[in-house]
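Visitor: give the three-dimensional model of this entry:
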Amino acid sequence: MKNLIKLSLFILICLVWAACSNTKYLKPGQNLYTGAEVKINPDSSGRIDNEKDVKATLESKTRPRPNKSILGLKPKLYIYNLAGEPKKPKGFKHWLRTKVGEPPVLLDQVKLQYNNDVLTSYLISQGYLQSVVTGDTVIKDRKAKAIYTANTGDRYKIKSVTFPKDTGNLSAIINEKKGNSLIKVGDFYDLDVFKNERIRIDNDLKELGYFYFAPDYLILQVDSTIGKNLVDITVKVKDIAPDAGVKPYTIKNINIYPNYSLRRDSALRKLTPLEYNDFNIYDNRNTFKPRIFDRLVFFKKGETYNRTDHSRSLNRMVNINAFQDVRAEFLPLDSFKNDELDLNIYLTPLKKNSLSFGVTGTSKSNNFVGSEVKVTQTTRNLFRGAEQLDVSVSGGFETQVSGASKGLNSNSITAEAKLTFPRFIVPFYKPKSTTAFIPKTITSLSYQRINRGSLYGLNSFKGEFGYNWKENIHKEHTFNPISINYVKSSVDSAKRDSLFLIGLRNILEPQFIIGSNYNFTYSNQMDDSRRNTTYFSGSLETGGNVWGAFVGKNDQGRKQLFNTDLSQFVRAELDLRDYFKITRNVTWANRLNIGYGYAYGNTTSLPFVRQFFAGGSNDIRAFAARSLGPGTYYYKNDATLNPNVIPDQSGDIKLMLNSELRFKLVSVLYGALFADAGNIWLRKEDVGTPATADRPATTGRPGSGFKASRALSELAVGTGAGLRVDATIFVIRLDVAFPVRKPYLASGERWVFDKIAFGDKEWRSENLIYNIGIGYPF
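Guide: As a prediction, the model looks like this:
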């Protein structure tokens, strides 16, 4: 203990010395600038609204910024000083000083008058029209800071808003839409609102054909002389606005160049176009079927220009994934003398064929590590309708590096073909979509072979036909009316009985699933201006419901197809996530995940490939992957199981809650503190199965059944901390977690706070779970 105290004091002394030593490198007369402080109305008792936020904003606008600091220390400045002046413009010292270090920010660099003007300008923009800011500096021990005193005066409010009174078409439109104005009587004067009001009016006019109008053609005149800290605002169109900006335009010719390149520009323009509906298509190679442009271009000849059709057309041409470059050009006829525009659309296709290659590494909490290689061949515009065919082959390998099954190897190979049509394909009906997003019809076939060492193998065949479409930027739907999945195991007959005895009977049962599935996703995470964002995903899947009505029962009273039991079930899952930005660099993330499956007919439990699992790097991180549950059952406590059992525990019901505090440490390095809770259950308790001619008896899994009255008392809870390297394009994550509540212990003994012992090697080996992942857990 004494040694620990001495070490702590030594570290503290070193940190204080490092903080103070930065000033000793300064030249005579130099002072280290440590930052700015803003005082608002210090000589009066009046406080302003949101004073803390205004103060922080003002301080952030001062320049220069001081040297970066962590916990009051300036490590980058210290590294810069420690490196010294390099003798050569290269080498380690030069790299350390220029790339890692940071030169000192000196008081001489502070321009008080400039900052006074910037802060005053900001306060005026927020309605403090009589504000005055003065700056001064304070120097102590060769460290200096700037102090700015802001006397704001009263904040002005809006008394009245007047829109153009003349009777022209432009003024009439502005007046007609004034009910949508962002400027409201009684609101505070706010320059940002005024700017957004000009943008709003510009958007309204763009929708009605005023292609060349711009927000700068509007002026908002403010009269602050009326007294009582009030202003009158008058919205006017500037007299100097050009004629082209104040008249609406219509579309005359729509010229499309589907196979455009600068090299072929002159040759393409000389071609005789193919006239299709309202389009003139310049393409002698017939790259695309003409009808595709009915779904991509929303403009028609003779219609008035509008921004909605402009944006939707561009979005569709970009999102169809057929073009590497998209450009729309509106040209006035006769140099603005009339009110017509020609629309020229230049499209440069992507290469017809491309090959992609990917390698991923995995490290799981059940001690498996491995890698996967995937090769994908993409063929675009397969039938000249912007279709896309993706054929991929992947292979993976995993080995367990520790634990009871150390040395157990697994491998998999997967082949998949996916054909995507950029439209709805519905028999006897042609649905139309007018959103900015391309609807898709997707059909896919896949085969996967998994070998779990010498224990068993699984063959999975899957085929789907369905649709994917976006309702808007926030809402996405996926509906597969046809989904077929056939899973069959392959195992040596000599090992089949032993596999039943280690709890893998669910895996070995053949599974035939014919059904439909639907998924809805909502997310507003792309809205950076929001402090609180939400993600929601809900899915519903049915299996065997329609086919079950037409399939008869065999002699054992079971419904079968091709001598395989037909799986009949309904499965629903909800995933709700909330992200709250406490500060710019601190986010509180939460997730609620609920799943429920109801099986009937041949079985009382969902097929294994549709069941829920608990534990792992993206789940309850204090428990190994698929090792938790169901209920109070714990596979390691089951004396009937082989000690080399593979933890593939599954259930029909799932409840999980996650909470994680994420914070920036330095640069791209982030930290996290988290807590996870949850479990899985079977809808009906597993009571075991009697022996039959081809399989041994099993004892079941006591405590695996779901009872609502005891569900909360059977939740597992874990907590821990993690580090993330977030480089935007990729995230690498390391989490260390340990359980604080174990549902498989006796009631009253499940909380294990009193048993936590980080200094005990045996406790660490049994309870500390290390998770390495790619991306955030949620």
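Visitor: please count neighbours and contacts with C-alpha atoms only from this point.
Guide: Fine.
Visitor: start and end of stretch 242-252, how far apart?
Guide: 22 Å (CA to CA, to the nearest Å).
Visitor: who touches it?
Guide: Here stretch 242-252 makes contact (CA atoms under 8 Å, 6 or more residues apart in numbering) with 170, 208-214, 299-305, 336, 339-343.
Visitor: what about the residue nearest to Thr304 when sequence neighbours are not counted? Give its phi and psi, please.
Guide: Leaving aside its sequence neighbours, Thr304 sits nearest to Thr250 (CA to CA, 6 or more residues apart in numbering; 4.1 Å). For Thr250, the backbone dihedrals (degrees, to the nearest 10) come out as phi -120, psi 160.
Visitor: all numbers from here: first residue = 8
Guide: I'll keep to 8 as the first residue from here, and by that count the last item is Thr257.
Visitor: pull up the gap between Thr257 and Leu303, please.
Guide: Thr257 is 19 Å from Leu303, by CA to CA.
Visitor: ok, now Lys439?
Guide: Counting by CA to CA, the gap from Lys439 to Leu303 is 12 Å.
Visitor: between the two, which has more neighbouring residues?
Guide: Neighbour count, other CA atoms under 10 Å: between Lys439 and Leu303, Leu303 has more, with 21 against 10.
Visitor: my guess is that one contacts Ser320, does it?
Guide: Yes - the criterion here is CA atoms under 8 Å, and Leu303 meets it with Ser320 at 5.6 Å.
Visitor: show the contacting residues for Glu692.
Guide: 708-713.
Visitor: quick check on those residues: which are buried?
Guide: 708-713 (16 or more other CA atoms under 10 Å).
Visitor: what sits closest to Thr169 if chain neighbours are left out?
Guide: Nearest non-adjacent residue to Thr169 (CA to CA, 6+ apart): Thr241, at 4.6 Å.
Visitor: so the one you found belongs to a strand, correct?
Guide: Yes - counting by DSSP: H, G, I helix; E, B strand; the rest coil, Thr241 is part of a strand.
Visitor: from the centroid of the chain, which residue is nearest?
Guide: In the chain, the centroid-proximal residue (CA atoms, centre = their mean) is Gln532; its distance is 6.2 Å.
Visitor: wait, is that one part of a helix?
Guide: No - counting by three-state DSSP, one finds Gln532 to be coil, located in no helix.
Visitor: if we can go back for a sec, from Asp316, how far off is the residue nearest to Thr311?
Guide: With CA to CA as the criterion, Thr257 and Asp316 are 13 Å apart.
Visitor: so for the two, which residues contact both of them?
Guide: With CA under 8 Å, 6+ apart as the test, Thr257 and Asp316 reach no residue in common.
Visitor: residue boundaries of the helices in the stretch 508-657 of the chain?
Guide: 512-515 (DSSP state H, counting those that start in this stretch).
Visitor: residue ranges with poor pLDDT in it?
Guide: By pLDDT under 70, the weakly predicted segments of the stretch 508-657 of the chain are 508-515, 555-556, 562, 564, 646-654.
Visitor: that older thread, which of Thr257 and Asp316 has more residues huddled nearby?
Guide: It is Thr257, of Thr257 and Asp316, that has more neighbours when counted by other CA under 10 Å, with 22 against 18.
Visitor: may I have the phi/psi pair for the residue nearest to the centre of the chain?
Guide: Per degrees, to the nearest 10, the backbone of Gln532 is at phi -70, psi -20.
Visitor: wait, what's in contact with it?
Guide: So Gln532 contacts 540-542 (CA under 8 Å, 6+ apart).
Visitor: ok, now how distant is it from Arg578?
Guide: From Gln532 to Arg578 the distance is 27 Å (CA to CA).
Visitor: same question for Thr590.
Guide: Between Thr590 and Arg578 the computed distance is 39 Å (CA to CA).
Visitor: between the two, which is the more surrounded one?
Guide: Between Thr590 and Arg578, Arg578 has the larger neighbour count (other CA under 10 Å), namely 20 against 10.
Visitor: ok so Ile457 is a strand residue?
Guide: Yes - counting by three-state DSSP, Ile457 is found in a strand.
Visitor: separation between it and Phe220?
Guide: For Ile457, the distance to Phe220 - CA to CA - is 62 Å.
Visitor: ditto for Gly551
Guide: 59 Å.
Visitor: beta-bridge partners for the residue nearest to Thr169, please?
Guide: Thr169, Gln228 (DSSP bridges).
Visitor: got it, and Ala424?
Guide: Residues in beta-bridge contact with Ala424 (DSSP bridges): Val398, Leu452.
Visitor: touching, it and Gln395? I think so.
Guide: No - in this structure Ala424 lies outside contact range of Gln395 using CA under 8 Å: 10.5 Å.
Visitor: between the two, which is the more surrounded one?
Guide: When Ala424 and Gln395 are compared for neighbours, Gln395 comes out ahead with 24 against 18, by other CA under 10 Å.
Visitor: quick one, what contacts the nearest residue to that one once chain neighbours are set aside?
Guide: Nearest in space to Gln395, with sequence neighbours left out and distances taken as CA to CA, 6+ apart, is Arg387 at 4.5 Å. Arg387 is in contact with 329, 357-360, 393-396, counting by CA under 8 Å, 6+ apart.
Visitor: switch the cut-off to 7 Å
Guide: 329, 359-360, 393-396 (CA atoms under 7 Å, 6 or more residues apart in numbering).
Visitor: same check on Leu730?
Guide: Going by CA under 7 Å, 6+ apart, Leu730 touches 677-679, 740-742.
Visitor: in the sheet, who's paired with it?
Guide: Applying DSSP bridges to Leu730, the residues it is bridged with are Gly678, Leu741.
Visitor: and it, what's its pLDDT?
Guide: Looking at Leu730, its pLDDT reads 94.
Visitor: do the same with Leu130
Guide: pLDDT, Leu130: 96.
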